[in-house]
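# coords below, sequence missing:
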């Protein structure tokens, strides 16, 4: 079965992501936004993408609303990356969670960002049952971050 991935549209790629990334790079975090930097698994070059950092019970997580994206594959390969806001960069190691661990994190993520990313979750929202969240869990990788 192919991995779930929802390609961003033109507006997201060329306007929204660039605007959020630019604001975040100059130090304006848009509702928790960060610029994720991960080395490319083939090129070894640093790749950047805007992400929403989820803080849950004192721990930081990255959730991939679009599924198995390039940043997910790169983070799986390297196990580490950096989060940037303005000039501040925080290196981290990332551990991918098992699907059974994801429901409370997906719920928290959707409570905070459903307005932005809800369309990528197949009609599942923050008020959905744990069973529904478990059903979509394989489509949305989640990483627990530890500061390096």
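Happy to help now that I have it. Being a predicted model, the structure only gives us computed values, none of them experimental.

# next up, phi/psi of residue 127, please.
Backbone torsions of residue 127, given as degrees, to the nearest 10, read phi -100, psi 10.

# lowest-confidence helix or strand of the protein?
Least confident element among the helices and strands of the chain, by mean pLDDT, DSSP states H and E: helix 10-11 (a mean of 66).

# quick one: distance of the following helix or strand past it to the chain centre.
Where DSSP states H and E defines the elements, the next helix or strand beyond helix 10-11 is helix 17-25. How far helix 17-25 lies from its chain's middle: 15 Å, per CA atoms, centre = their mean, to the nearest Å.

# same check, this time on stretch 58-71
Worked out by CA atoms, centre = their mean, stretch 58-71 lies 3 Å from the chain centre.

# report the buried residues of that stretch.
Going by neighbour count (16 or more other CB atoms under 10 Å), the buried part of stretch 58-71 is 60, 61, 62, 63, 64, 65, 66, 67, 68, 69, 71. Any C-beta I mention is one placed from the backbone N, CA and C, and that applies to glycine too.

# quick one: average pLDDT of that stretch?
Mean pLDDT, stretch 58-71: 96.

# please apply the same query to stretch 130-144.
Here the average pLDDT along stretch 130-144 is 97.

# what comes into contact with it?
4, 59-65, 67-68, 72, 75-76, 94-97, 99-103, 105-107, 120-122, 124 (CB atoms under 8 Å, 6 or more residues apart in numbering).

# ok, 6 Å please
4, 61-64, 67, 72, 94-97, 99, 102-103, 105-106, 122, 124 (CB atoms under 6 Å, 6 or more residues apart in numbering).

# check stretch 34-43 too.
Contacts for stretch 34-43 (CB under 6 Å, 6+ apart): 21, 24-25, 46-51, 53, 71, 74-75, 77-78, 81-85.

# how about the strands of the chain, start to end?
Remark: strands assigned in the chain by DSSP state E are 33-39, 46-56, 59-63, 80-85, 88-96, 142-147.

# so who does residue 99 touch?
137, 138.

# measure it to residue 32 for me?
As judged by CB to CB, to the nearest Å, residue 99 and residue 32 stand 24 Å apart.

# same deal with residue 19?
The gap separating residue 19 from residue 32 is 16 Å, by CB to CB.

# likewise residue 65?
Taking CB to CB, one finds residue 65 at 13 Å from residue 32.
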